[in-house]
Every structure is written in structure tokens, then in C-alpha cells.
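Asker: Make a model of this:
(chains A, B, C and D)
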2 protein chains.
Amino acid sequence: MNTESMAFATPKESLGILLGLVRAEIVRAMEAELAAQNVDLRFTQFLILKRLARLGPMSASELARSVELDGGAMTRQLDQLERKGYLRRCPHEQDRRALRIELTAAGDAMWQQLTDCNERVLAAAQRTLDESEQAQLHDYLERVLRALRDKN
Amino acid sequence: MNTESMAFATPKESLGILLGLVRAEIVRAMEAELAAQNVDLRFTQFLILKRLARLGPMSASELARSVELDGGAMTRQLDQLERKGYLRRCPHEQDRRALRIELTAAGDAMWQQLTDCNERVLAAAQRTLDESEQAQLHDYLERVLRALRDKN
DNA sequence: AAAGTATATTTGTCAAGGCAAATATGTGCT
DNA sequence: AGCACATATTTGCCTTGACAAATATACTTT
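Answerer: Alright, predicted model coming up:
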């Protein structure tokens, strides 16, 4: 009659729920690691530093889009991270509306300290998947993401 | 030297970011569908109705755990959903501390209306994966979830 | 049965994020 | 140049969710 059979022990979570659960666990694990190292950063702030460390300076809105964060929220996160001394708001060369957000030396150092902790959590999360399975998971997620964005 | 090569056009999102992006898109898509049908429900509320529709009546805290929502937040969501007439708080038979949350007829009818919209979004999201790939994605995510939870 | 501990629900408080309005620039068209 | 429209950042306002405290009830041990 319908496409799904309910005759399982685990009622088979839908993709939406499952993604939420997995993400929540990753956030929890990362924030625990951060706290364990006495680093006063939330997951969002950690992500922002990571983007900057890996992709280099960019504008606030590029940063916002890349972590799926509202522009207003980004402004406030930048306030906090700037206050902590991890980044700097510089004028953008080509666009006087925009900012060029760049890591300070302290921000860079902080990222050096965090990169291990980051990799540890991700490795732990994927420890039951072998290399090719990890790549496949990644590929599937990217395809799902593209499918959702190219909605037509 | 390190395990990741950065020589790709797309800098290979980490699992944490990717999950966030995909989930955000699914939430966005679902809320757009709900709005298009003039249904005044947020994604969280939709999830709650879905759980109740699929798993039957349960206590507020079971519900909260199953959608990874704080107990306090659940109380307020239940307030709203009860006010809209979609569910009822009944006394729990075996445990006088707890509630038995059950859908009303209106809540059931609402779910009937939403189930299509739900499946449409999930199908669209996974449209570039064939059946076995969808199953595999699901399996990988569940394994990651277990790995994160059984942290030891 | 009394005490101590664990769980369910509710409420207060606070931080984070979404949305809209304001301001300052860019970009394209005429 | 002038105008319309799009984009970048900031700020105010509001909702949601996390955390903690309060209350009620269960469960366990003495």
C-alpha cells in the first residue's frame, strides 16, 4: 500500500531527522573537546576560524554563506571573535561596502591548536567507515546538497 | 605530510560543515513547502507531529529525546501544538509524573496532509541517488551516529 | 515506612540565529 | 551623470533552544 514497511526494530529515521541527530552529536563532541582544552569557543565560532584558516581572508558575507549563517548573526560572531583577538576586520580592496576578514597571529595559533582536536572528532565519528566508505558518504552528501540547491 | 590534499577545485567540506549545509537546505525546503500549503508549522513542530503519527502516543520526554530537543523547549512546543489543536496532553497511565501526548483528529488529518509534502522533499533531495545508494547513505549516517554515541 | 536518588514536567533566564529596516556602496541601463 | 536595482554590513526585534531551579512523582535501599 505504501512505500515504507514499518516492520523494523528501529523505525528507520528519515534523512532529515538523521542528519539532525548526527550533526547534534558532532557539535556536542566538538564543544566538549574545546571545553576540555579550556578554549572559550562555540561550535559556530570554531567553524568561522576554520573557514578562515583553510580558505584565507574573505568578506563577511562570503563567510556567512559558507557556514550557512545569517548576515546579522555573522556580524555579532565577528564582534566576539575580534574582541577575543582572533581576527581583524580590514577594508576590502575592491569593494568599499565589504570587509576583508582575516585571522590575526593569535587566531592562526588558535587554529593550529584546534586542528588536531577537529580531526580527532571527525575520525572518531567515521571510525567504523573505511576510506572508500568515507569518500562515498561525502559524495552522497554533496550530491544531496546539489540536488536541494538546483531545485528545478 | 598531512592526510588531506588541498588541490581540489572544491576544498572538500568537512563532515561537520557538510551535514550542517544539507540539513539547513532540507529544513528550508520543508518550511517552504509548509508555507506554500498555508500550514503554520515550523520544522520542529512538523517533526513532532511526524513522530507522534508514526510511533503513536508517548511521553513528552520520550518525544523530546527522539527529536533531540531540550525538555523545556518541548514543553513550549507542546503548548503551541496543543493551542493549535493538533495534540492533547493526557495523564500517563503508569506514571503520574508523565504525560501521554497524543494526536487529535485534527492533528492526524494535518499529518495526512503533510506526509506527501514530506516525501516529496526527501525524494527531491535524494533524486540523484538510486535506491541502493540511498540505503547506503542511510546506513553510513546511522553508523556515524552510533560511533559518536558509543564513544569509548 | 523513611530517606535518598532518579526522572518528568514546567518555568525563568540567557545566548544565538532569523528577519526586516537602515545605511553605504556597487552595477547596469539610459 | 542619473536612476533603478542589487549587495554588504550593521542594528533592533523576536523566536527558539539550552541550562538550571522548582515541583511532583517514582524507585531503591535501609
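
Asker: And the contacts of stretch A:112-124?
Answerer: Contact with stretch A:112-124 is made by A:26, A:29-30, A:33-34, A:37, A:39, A:41, A:46, A:49-50, A:53, B:3, B:14-16, B:147-148, B:151, as judged by Cβ atoms under 8 Å, 6 or more residues apart in numbering or on different chains. C-beta here means a position set from N, CA and C on the backbone, and glycine is covered the same way.

Asker: Would you mark the buried spots in it?
Answerer: Neighbour-count burial for stretch A:112-124 flags A:114, A:117-118, A:121-122, A:124 (criterion: 16 or more other Cβ atoms under 10 Å in any protein chain shown).

Asker: can you list those residues in JSON lines and add pLDDT?
Answerer: Formatted as JSON lines, the buried residues of stretch A:112-124 follow (pLDDT from 0 to 100):
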{"residue": "A:Leu114", "pLDDT": "94"}
{"residue": "A:Cys117", "pLDDT": "91"}
{"residue": "A:Asn118", "pLDDT": "93"}
{"residue": "A:Val121", "pLDDT": "94"}
{"residue": "A:Leu122", "pLDDT": "95"}
{"residue": "A:Ala124", "pLDDT": "95"}
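
Asker: still on that earlier bit, of the contacts of stretch A:112-124, just the buried ones, PyMOL syntax please.
Answerer: Here is the PyMOL command that selects the buried residues among the contacts of stretch A:112-124 (16+ other Cβ under 10 Å):
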select buried, (chain A and resi 26+29+30+33+34+41+46+49+50+53) or (chain B and resi 14+15+16+147+148)
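
Asker: and the gap between A:Gln37 and A:Arg23?
Answerer: In this view, A:Gln37 and A:Arg23 are 22 Å apart by Cβ to Cβ, to the nearest Å.

Asker: circling back: so which of the buried residues of stretch A:112-124 reach DNA strand C?
Answerer: Near DNA strand C, judged by Cβ under 7 Å from any atom of the strand, there are no entries from the buried residues of stretch A:112-124.

Asker: mind listing which of the residues you listed are in strands?
Answerer: Secondary structure assignment by DSSP state E places none of the buried residues of stretch A:112-124 in strands.

Asker: Pick the one among the residues you listed closest to A:Arg76.
Answerer: For the buried residues of stretch A:112-124, the residue nearest A:Arg76 by Cβ to Cβ is A:Leu114; the value is 21.0 Å.

Asker: Name the nearest residue to A:Asp40, ignoring sequence neighbours.
Answerer: Nearest-residue entry for A:Asp40: A:Lys84, 7.5 Å, with adjacent residues in sequence omitted and distances by Cβ to Cβ, 6 or more residues apart in numbering or on different chains.

Asker: tally of neighbours for that neighbour?
Answerer: Using other Cβ atoms under 10 Å in any protein chain shown, A:Lys84 has 15 neighbouring residues.
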